[in-house]
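Undergrad: Provided below are the primary sequence and the corresponding predicted coordinates.
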Amino acid sequence: MRFAFVASDTSVAQQARRKLVDRYGDVPPEQAELIVALGGDGFMLRTLHAHRALEVPVYGMKLGRVGFLMNKHRLDGLPERVARAHTASLFPLQMQVTDAAGNEHTALAFNEVSLLRQSNQAAHLEVQLNDTVKLATLVCDGILVSTPAGSTAYNLSAHGPILPLDANVLALTPISPFRPRRWRGAILPHRTEVILRVLDPAKRPVSATADFHEVRDVRAVSIRQSGGQGVRLLFDPEHNLEQRILDEQFAAE
């Protein structure tokens, strides 16, 4: 198998890459049958964004602080581990943004799209699903739309639900909601288009972020699942992503 090894900038990840290249060889990602990402979850997300158009599966090894999307790092037995690995298909969200100047921006998110207030003023947002306004005014610090793969990340920190990987749903989760006080979000069919409008953008500015791509001073954001741009991640059987997401619902900490 032709491997392409990519690594984060840390000395630990770079040293691991050199050892793996010496053992298994290395080709450019464009020529690879498998991309091996060395780092943490943040680097994995950047790898997925950078190489998703190649339609090459990605196998991660944890050499960072957070490694929910990664397997354990080991030098030996890589071809055998890949042969035994389970595949998880991830479909990103597509974010379309109109900013205060009328400019249009697009970006993809494998974890979540989040809107956050930019100042000390709470955000005032309108929440629309498809063609129906569900909340005329949501007063909050922000709101996010999460994929199942991202539901254990920022979404969980905001008290959103953990979603099974194969559930075909998205999580719509408010961040510190003030009005309506008891609204805790919703679980949506994965084909739902979520449209979020900023009601007072001059006084209450809001930013929008898709994974690590941020747009400031937004007026409206449309979010929908991008079904045609999925990626394949490989996981060791003992680190099956679907099972790990299920186990998170029973974690004590």
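TA: Sure, I can see it.

Undergrad: can you give me the helices in this protein?
TA: Secondary structure of the chain, counting by DSSP state H: helices at 11-24, 41-51, 78-84, 154-157, 241-248.

Undergrad: any chance of JSON lines for these, columns mean pLDDT?
TA: Output for the helices of the chain, formatted as JSON lines (pLDDT from 0 to 100):
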{"stretch": "helix 11-24", "mean pLDDT": "97"}
{"stretch": "helix 41-51", "mean pLDDT": "94"}
{"stretch": "helix 78-84", "mean pLDDT": "96"}
{"stretch": "helix 154-157", "mean pLDDT": "94"}
{"stretch": "helix 241-248", "mean pLDDT": "80"}
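
Undergrad: out of those helices, which is closest to Thr137?
TA: The minimum distance between Thr137 and these falls on helix 154-157, with 22.6 Å, by Cβ to Cβ. In short, each C-beta sits where N, CA and C put it, glycine included.

Undergrad: helices or strands up against the closest one?
TA: strand 112-117, strand 142-146 (3 or more Cβ pairs under 8 Å, 6 or more residues apart in numbering; DSSP states H and E).

Undergrad: most tightly packed of those strands?
TA: Counting by mean count of other Cβ atoms under 10 Å, strand 142-146 has the highest mean neighbour count of those, with a mean of 27.

Undergrad: just the CA coordinates for it, please, in PDB.
TA: Presented in PDB, the C-alpha positions along strand 142-146 are these (Å, rounded to 0.1, in the frame of the first residue of the first chain):
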ATOM      1  CA  GLY A 142     -24.400  31.900  20.400                       C
ATOM      2  CA  ILE A 143     -25.700  28.800  18.700                       C
ATOM      3  CA  LEU A 144     -24.200  25.800  16.900                       C
ATOM      4  CA  VAL A 145     -25.200  23.100  14.400                       C
ATOM      5  CA  SER A 146     -23.200  19.900  15.000                       C
END
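
Undergrad: quick one: strands adjacent to that strand?
TA: Sheet pairing for strand 142-146, assigned by DSSP bridges, gives strand 112-117 (antiparallel), strand 169-175 (antiparallel).

Undergrad: where does this structure have low pLDDT?
TA: For the chain, residues meeting the criterion pLDDT under 70 lie at 252-253.

Undergrad: and Ala208, how far is that from Arg65?
TA: Counting by Cβ to Cβ, to the nearest Å, the gap from Ala208 to Arg65 is 26 Å.
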